[in-house]
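Peer 1: Build me a structure from this.
(chains A and B)
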Amino acid sequence: MAYKKVKRMSLFMRINHWVVAICMVAAIATGLYIGHPYYQTLIADLAVDKYVMAWNRWIHFMAAIIFDVSSIVVAYLYFFSRFEKAYKKLIPNGENIKEFGDVLVNLMTLNRVKKFDSTHADSFNAVFFFIFHLMLLWMLLTGLQLYVHAFPHGESSIGAWWPTMLHLATDWTVWITGGTYMDVRISHHNTMYWIIAWVMFHIYYQVWRTLFWQEGDINIVVGGSKFVKEDKEKSN
Amino acid sequence: MSDRRDALTKLFSAKGAKVDTNRGEAYYEALMNRMSARLQSLETSNLAMKSSIERALDAQGLTRRDFMKWASAMCAMLMLPSQFTPLVAQAATLMNRVPVIWIELQDCAGNSEAILRSDAPTIDELILDVLSLEFNETIMAAAGHQAEEHLEEAMKTFKGKYLCVVEGAVPIGAGREWCTIGAKGETFEEHLKRVAKDSAAVVAVGTCATFGGVPAASPNPTGAVGVQDVVRGKPIINIPACPANPANITGTILHFVLTGQIPELDHLNRPKFAFGYRIHDNCERRAHFDAGEFVEEWGDEGAKNNFCLYKMGCKGPMTFNNCSIVRYNEAVNWPIGSGHGCIGCSEPQFWDKYATERPLADSRIKAPTGGVEKSVDEFGLGLLTAAGIGIAIHAVASASAAKVESEEA
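Peer 2: So this is what the prediction gives:
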């Protein structure tokens, strides 16, 4: 029996994935500090030497900006990727709904039933990642809304257009979360937990697939490819 | 629904708190002419009140020089160029010609108290003293039918000219009947609507009058709301904070005296000259925030060293007001200066969402679903535990019973 190698992620996509992963760890570690400074700084040092909160915020914002930009690239790839145009798997047509159900059944029956083509990204995956991207978008909007509060004077280092644009793009998040800036903060904080939960499942599922499908799925994000059995590809 | 739509429209059109402080010579010249003309017409109008600022200053032993110092500071606060100082001074002396009807609704009279109770009144407070206060439940001598008559007369005499200053929230829910006023048993809502109807503008003073404040705090038994949710078709100026800073009240009224118009407002109808600043950005303890130096508990080494109060629940980073600049009681001190964090008293729903005395991550704020009080972190930890348990069950089941694809398959 022969295995066939299928390329799934280009070098750029893999780098993008790991940049996002590192940014997320950085954003969570610093974000938790910003919400509640959980470690002490040495009281004997002068304030100017420490700058601990400022560094935490700096890392948080930098991670967020890199995160946001890479997400915009991913959004572009949803439509124009050379490999798999993810949006095609998001359209709720009969084929996609069936595939979504089949993948879910596979997971629930502990791989006893597997009635779909695992060569390419499936509908279940596409929906799962779409939820992630919606959460990221929400973090971007609420985060920028919290960020723009630092510009009450309407100026920034790159000009007045930036805070103006942020107000236009994100002020509605105040209204939608409950009417106060605190509500935006709570929502931003809350969404972090949903993202961590998402990451937990994401890592688990990738390992699980690798173990039980025996198609080398974990390599997609490292080497860029996975393997499928040739006869199986034909039968599906 | 239409209220929510209004709010949404307003949010989308928010311009931030920026005030353009350099609009060119032509603009300021025109403004100066307009203000001079307005002050002149006020000067020739009838005195509404016999006391004058000169007499009040004299009684307190304050000199003309003190007064002019105040006028130039007020001029800067209103974001006007310095050549407007004489006009500001003149407007202050004409304050006794602008009739004010000050009504009290669901409140503790704390805003009146803040003005009245100081042991050495500031010029701001004296100015508010000489305002032609036609009606004020807290300090007037009249009561009952006599007071009602007085109100009727003032409203008739100064129809369309008086400022309606409101202190306190308006109960409009199921508990509104608990709050009535006067011999006729008018509800607060009727009272406010009647007085606001013939006013030139409505000034909501204090957080209760602006956003409902403490009476509107959960569970809000009387269905309290702010003035802007009840009064329609009138210019409304919100001067929140608990209590509102007399300097901001004076500034707003002075602006009205000077121009006959209301000052530039932000998306919550607060004057930008006063609420265009974030507490955090002008805080004297800001360097300790950036350094990560926090008070961990009351009276600890950090507290003695005036460290940042963020971990004691200071909400300066989310609160817009000028107290870190103007301070209270003639700039003597303000909450953070005296060692207590900001409780966000000039923001909507402050009692439920800001005044938790804990940083956000520790605050026990009502979950969006209502009902049980739960902090976000407890919820988040619960969510992660649930996800972990789900994963663990699936993993154990997979390890013992899953089908592993084999070579023969």
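Peer 1: all strands of chain B, in order?
Peer 2: B:99-104, B:132-136, B:163-167, B:170-171, B:180-181, B:186-187, B:201-205, B:224-225, B:236-239 (DSSP state E).
Peer 1: Below-threshold pLDDT in chain A: ranges please.
Peer 2: Low-confidence segments of chain A, defined by pLDDT under 70: A:1, A:42-45, A:47-48, A:82-83, A:231-236.
Peer 1: Now do the lengthiest helix in it: distance to the chain's middle.
Peer 2: Across chain A, the helix with the greatest residue count (assigned by DSSP state H) is helix A:181-213. Taking Cα atoms, centre = their mean, to the nearest Å, one finds helix A:181-213 lying 9 Å from the centre of the chain it belongs to.
Peer 1: what angle sits between the following helix or strand past it and helix A:181-213?
Peer 2: As assigned by DSSP states H and E, the chain's next helix or strand after helix A:181-213 is strand A:225-229. On the basis of axes from the mean of the first three to the mean of the last three Cα atoms, to 10 degrees, strand A:225-229 is oriented at 40 degrees to helix A:181-213.
Peer 1: Packing partners of the longest helix of chain A?
Peer 2: Packing partners of helix A:181-213 (3 or more Cβ pairs under 8 Å, 6 or more residues apart in numbering or on different chains; DSSP states H and E): helix A:11-35, helix A:123-148, helix A:172-177, helix B:350-353, helix B:376-401. The C-beta positions use only the backbone N, C-alpha and C, and glycine is treated the same way.
Peer 1: if we can go back for a sec, which one of the strands of chain B has the lowest average pLDDT?
Peer 2: For the strands of chain B, the weakest mean pLDDT is recorded on strand B:132-136, namely a mean of 78.
Peer 1: What is the distance between that strand and the centre of its chain?
Peer 2: When C-alpha coordinates are averaged (Cα atoms, centre = their mean), strand B:132-136 and its chain have centres 21 Å apart.
Peer 1: Which residues outside it are in contact with it?
Peer 2: With contacts defined as Cβ atoms under 8 Å, 6 or more residues apart in numbering or on different chains, strand B:132-136 is touched by B:48-49, B:95-104, B:112, B:139, B:147, B:150-151, B:154, B:158, B:162.
Peer 1: my read: B:Asp281 touches A:Ala150, true?
Peer 2: Yes. Proximity of B:Asp281 to A:Ala150 meets the contact threshold set by Cβ atoms under 8 Å, at 7.1 Å.
Peer 1: May I see the helices and strands packed on helix A:181-213 organised as TSV, with distance to B:Val88 and mean neighbour count added?
Peer 2: Shown next, in TSV, are the helices and strands packed on helix A:181-213 (distance: least, Cβ to Cβ, whole Å; neighbours: other Cβ atoms under 10 Å in any protein chain shown):
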stretch	distance to B:Val88	mean neighbour count
helix A:11-35	42	17
helix A:123-148	32	19
helix A:172-177	34	19
helix B:350-353	31	24
helix B:376-401	47	14
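Peer 1: and B:Arg286, which of those is closest to it?
Peer 2: B:Arg286 sits nearest to helix A:11-35 of all these, at 14.8 Å, using Cβ to Cβ.
Peer 1: The closest one and chain B, are they touching?
Peer 2: Yes. Helix A:11-35 comes into contact with chain B (Cβ under 8 Å from any Cβ of the partner chain), by way of A:32, A:35.
Peer 1: Low-confidence ranges, the stretch 301-409 of chain B, go.
Peer 2: Flagging of the stretch 301-409 of chain B using pLDDT under 70 yields the residue ranges B:361, B:364-376, B:406-409.
Peer 1: let's see it at 90
Peer 2: Low-confidence segments of the stretch 301-409 of chain B (pLDDT under 90): B:301-302, B:305, B:313, B:325-333, B:349-409.
Peer 1: residue in it nearest to chain A?
Peer 2: Proximity of the stretch 301-409 of chain B to chain A (Cβ to the nearest Cβ) peaks at B:Gly380, 3.2 Å away.
Peer 1: Domain map for chain B?
Peer 2: B:27-274, B:279-362, B:364-398 (automatic domain parsing).
Peer 1: Those domains: which one's closest to A:Tyr204?
Peer 2: domain B:364-398 (4.7 Å).
Peer 1: So which residues of the stretch 151-300 of chain B form helices?
Peer 2: B:188-197, B:207-211, B:246-259, B:272-275, B:286-291 (DSSP state H, counting those that start in this stretch).
Peer 1: Would you mind confirming that B:Thr210 is in contact with B:Asn238?
Peer 2: Yes. Assessed by Cβ under 8 Å, B:Thr210 is found in contact with B:Asn238 at 4.0 Å.
Peer 1: got any residues that touch both of those two?
Peer 2: Shared contacts of B:Thr210 and B:Asn238, defined by Cβ under 8 Å, 6+ apart, are found at B:204, B:226-228, B:268-270.
Peer 1: Can you say which of those are buried?
Peer 2: Taking 16 or more other Cβ atoms under 10 Å in any protein chain shown as the criterion, what is buried in the shared contacts of B:Thr210 and B:Asn238 is B:204, B:226-228, B:268-270.
Peer 1: Same list, those, but as JSON lines with distance to B:Gly276 please.
Peer 2: Putting these into JSON lines (distance: Cβ to Cβ, whole Å) gives the following:
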{"residue": "B:Ala204", "distance to B:Gly276": "18"}
{"residue": "B:Gly226", "distance to B:Gly276": "20"}
{"residue": "B:Val227", "distance to B:Gly276": "21"}
{"residue": "B:Gln228", "distance to B:Gly276": "19"}
{"residue": "B:Leu268", "distance to B:Gly276": "12"}
{"residue": "B:Asn269", "distance to B:Gly276": "13"}
{"residue": "B:Arg270", "distance to B:Gly276": "9"}
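Peer 1: Fine by me, we can end here.
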